[in-house]
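Asks: Starting from these lines, generate the structure:
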Amino acid sequence: MGARLPSESDLAARWSASRGTVRQAVATLAAEGLIGSRQGARRTVLRQERRHSCGEVNSFAQWAEGVGHRADSRFLSRIRRPATAGEAERLALDPGTEILAVLRLRLRDGEPTLVERTAYADWVAAAVEALPADCRSVMDSLAQGSGIVARHGRGGRVRLSPGSAATLRLLQLLRLLP
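Replies: Now for the predicted structure:
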């Protein structure tokens, strides 16, 4: 930290890249808070670890491993049921179409970290049901085993909400409460 970056032209020459490409890369690093600058001064390194950008579409496993942690998970339930109106809209299905509702416990370095609730469209449900209970990454497994590749999310969302007592038990947090 505190190291000065070479000029854009030096970076372009060193990496055989155009100055436009270097400018984009520098802007991305600045936006992520990894480098900073003052007017008239060269850019400096502010910190070395990369924070996950919420604008990127990555799985939990890709995110955790990308920041140096081990990712694991456990399917807690996989239940077929009719889609709610919201699920049907997000999955581009007719209301009431059968979906697979999945509840998973996500672990980072063996510690419970996240409770994930995901709705899968009917056409992919059987492939998700066939995955082992300790499947590390549904997205990676579907791509490798079934040739199903997620290109981008349509209407996907991540919602952070206060945990119910059941969710807190899954995350083993109740032991921390008075």
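
Asks: Residues contacting stretch 83-101, please?
Replies: Identification of contacts with stretch 83-101 by CB atoms under 8 Å, 6 or more residues apart in numbering yields 77-82, 117-122, 124-125, 128-129, 154-157. No exception for glycine: its C-beta is placed from N, CA and C like everyone else's.

Asks: go with 7 Å
Replies: 78-82, 119-122, 125, 128-129, 154-155 (CB atoms under 7 Å, 6 or more residues apart in numbering).

Asks: got a pLDDT number for Arg84?
Replies: In this structure residue 84 is Thr, not Arg. Note on Thr84: pLDDT of 93.

Asks: list the buried ones in stretch 4-21?
Replies: Of all the residues in stretch 4-21, those buried under the rule 16 or more other CB atoms under 10 Å are 8, 11-12.

Asks: can you list the residues that contact whatever helix or strand Glu116 lives in?
Replies: Glu116 is part of strand 111-120, with elements assigned from DSSP states H and E. Strand 111-120 has contacts (CB under 7 Å, 6+ apart) with 60, 83, 87, 91, 99-107, 128, 167, 170-172.

Asks: now that strand, how far from the chain's geometric center?
Replies: 11 Å (CA atoms, centre = their mean, to the nearest Å).

Asks: of the contacts of strand 111-120, buried ones?
Replies: By 16+ other CB under 10 Å, those give 60, 83, 87, 91, 99-107, 128, 167, 170-171 as buried.

Asks: which residues of the chain fall in strands?
Replies: 35-36, 44-45, 71-82, 98-108, 111-120 (DSSP state E).

Asks: List the buried residues in the top helix by length along the chain.
Replies: The longest helix of the chain (DSSP state H) is helix 19-31. By neighbour count on 16+ other CB under 10 Å, the buried set for helix 19-31 is 22, 26, 29.

Asks: so can I have JSON lines of those showing distance to Ala41?
Replies: JSON lines is the format used below for these (distance: CB to CB, whole Å):
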{"residue": "Val22", "distance to Ala41": "18"}
{"residue": "Val26", "distance to Ala41": "14"}
{"residue": "Leu29", "distance to Ala41": "16"}
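
Asks: pLDDT weak spots in the chain?
Replies: 1-2, 32, 39-40, 47-58, 150-163, 168-178 (pLDDT under 70).

Asks: Would you quantify the distance from Ala30 to Ala12?
Replies: 17 Å (CB to CB, to the nearest Å).

Asks: what's the longest helix of the chain packed up against?
Replies: Packing partners of helix 19-31 (3 or more CB pairs under 7 Å, 6 or more residues apart in numbering; DSSP states H and E): helix 8-15.

Asks: Return the longest helix of the chain as PDB; C-alpha atoms alone will do.
Replies: Output of helix 19-31 as PDB, limited to C-alpha atoms (Å, rounded to 0.1, in the frame of the first residue of the first chain):
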ATOM      1  CA  ARG A  19      -4.100   3.500 -23.500                       C
ATOM      2  CA  GLY A  20      -7.900   3.200 -23.600                       C
ATOM      3  CA  THR A  21      -7.800  -0.300 -22.100                       C
ATOM      4  CA  VAL A  22      -5.400   0.900 -19.400                       C
ATOM      5  CA  ARG A  23      -7.700   3.900 -18.600                       C
ATOM      6  CA  GLN A  24     -10.600   1.500 -18.200                       C
ATOM      7  CA  ALA A  25      -8.600  -0.800 -16.000                       C
ATOM      8  CA  VAL A  26      -7.400   2.100 -13.900                       C
ATOM      9  CA  ALA A  27     -11.000   3.500 -13.600                       C
ATOM     10  CA  THR A  28     -12.200   0.100 -12.400                       C
ATOM     11  CA  LEU A  29      -9.500  -0.200  -9.800                       C
ATOM     12  CA  ALA A  30     -10.300   3.400  -8.600                       C
ATOM     13  CA  ALA A  31     -14.000   2.600  -8.500                       C
END
